[in-house]
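Trainee: any chance you can model this:
(one chain, ligands or ions: 2)
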Amino acid sequence: MMKILIATKNEGKVKEFQSMFEDLGHEILSLTDIEGSPDVEETGTTFEENAILKAETISQQMNIPVIADDSGLEIDALEGKPGVYSARYAGLQKSDEDNMSKVLAELQNVPDTQRSARFVCALAFAMPNKKTIVVNGECEGKILREKRGSKGFGYDPIFYVPHLNRSMAELAKEEKNKISHRAVALKKLKNLINEEDLLWEKP
Ligand SMILES: O=P(O)(O)OP(=O)(O)OP(=O)(O)OC[C@H]1O[C@@H](n2cnc3c(O)ncnc32)[C@H](O)[C@@H]1O
Ligand SMILES: [Mg+2]
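Mentor: Ligands and ions are numbered 1, 2, ... in the order given. Now for the predicted structure:
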């Protein structure tokens, strides 16, 4: 078993990574396990830039391989917003609830046919003295008119998954972890790691 550090302080992401790595039997650590771990400022303008920034900063500081996730929600009627600013859409001190309320208010007069959106995820895997690997994943859906469900995290209650006829927050964790943007990206990363025989090192 190896230890893998995920450079995130988001408990929702940590739980999903733990669950998605279960099959490989690795122990997943996150920045919430490390006392005094730094907050990396997300100064990039794309998901990829921010994921690379988070992964490389922590990997260099700790001299271990690190995965970072930068993700968000792109809403077509809002020209791709909240996008890379999803976490702070309603303001720096605001909550998931505030972010969802802002989106619902902005989409109040948008008809059902024009509420398409997607979750987007960039994962960066940074290793000491190796080139960083970046992969992407997306998950298509629509923005509901009110919150539904209590599972998951973030914008899940207002994100409708058409082919499952439920909101992301109504899906069991196993269901979300098969179809989510994060699951799609992580599958690509696992394949690349296998193909390129990049062995995980022990932190
Ligand atoms: O930067 P770290 O520490 O990883 O944690 P964060 O919460 O700040 O994460 P991001 O910068 O990547 O911002 C992601 C935003 O998109 C939302 N988000 C990402 N993945 C999601 C998912 O699977 N379901 C619902 N919302 C999600 C999340 O709630 C945040 O508001
Ligand atoms: Mg963040």
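
Trainee: pLDDT weak spots in this protein?
Mentor: Within the chain, the stretches with pLDDT under 70 are 1, 197-203.

Trainee: spell out which parts of the protein neighbour ligand 1.
Mentor: Counting by C-beta under 6 Å from any ligand atom, the chain comes close to ligand 1 at 8-10, 13, 42, 69-72, 86-87, 96, 99, 119, 152-156, 168, 180, 182. No exception for glycine: its C-beta is placed from N, CA and C like everyone else's.

Trainee: restricted to buried residues, select the residues you listed in PyMOL.
Mentor: Provided next is the PyMOL selection string for whichever of the residues of the chain next to ligand 1 are buried by 16 or more other C-beta atoms under 10 Å:
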select buried, resi 8+10+13+42+69+70+71+72+86+87+96+99+119+152+153+154+155+156+168+180+182
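
Trainee: for ligand 1, what is the nearest residue in this structure?
Mentor: Nearest residue of the chain to ligand 1: G154, at 2.3 Å (C-beta to the nearest ligand atom).

Trainee: wait, that residue touches D96, no?
Mentor: Yes - assessed by C-beta atoms under 8 Å, G154 is found in contact with D96 at 5.4 Å.

Trainee: and for these two, which residues touch both?
Mentor: Counting by C-beta atoms under 8 Å, 6 or more residues apart in numbering, G154 and D96 have no common neighbour.

Trainee: centre-most residue in the protein?
Mentor: Taking C-alpha atoms, centre = their mean as the criterion, S71 is the residue nearest the geometric centre of the chain, at 4.1 Å.

Trainee: assign that residue to helix, strand or coil.
Mentor: strand (DSSP: H, G, I helix; E, B strand; the rest coil).

Trainee: for A90, see how far away the residue lying farthest from the centre of the chain is.
Mentor: In the chain, counting by C-alpha atoms, centre = their mean, N109 sits farthest out from the average C-alpha position, at 28.4 Å. According to C-beta to C-beta, to the nearest Å, N109 and A90 sit 19 Å apart.

Trainee: what of T57?
Mentor: Using C-beta to C-beta, T57 is found at 26 Å from A90.
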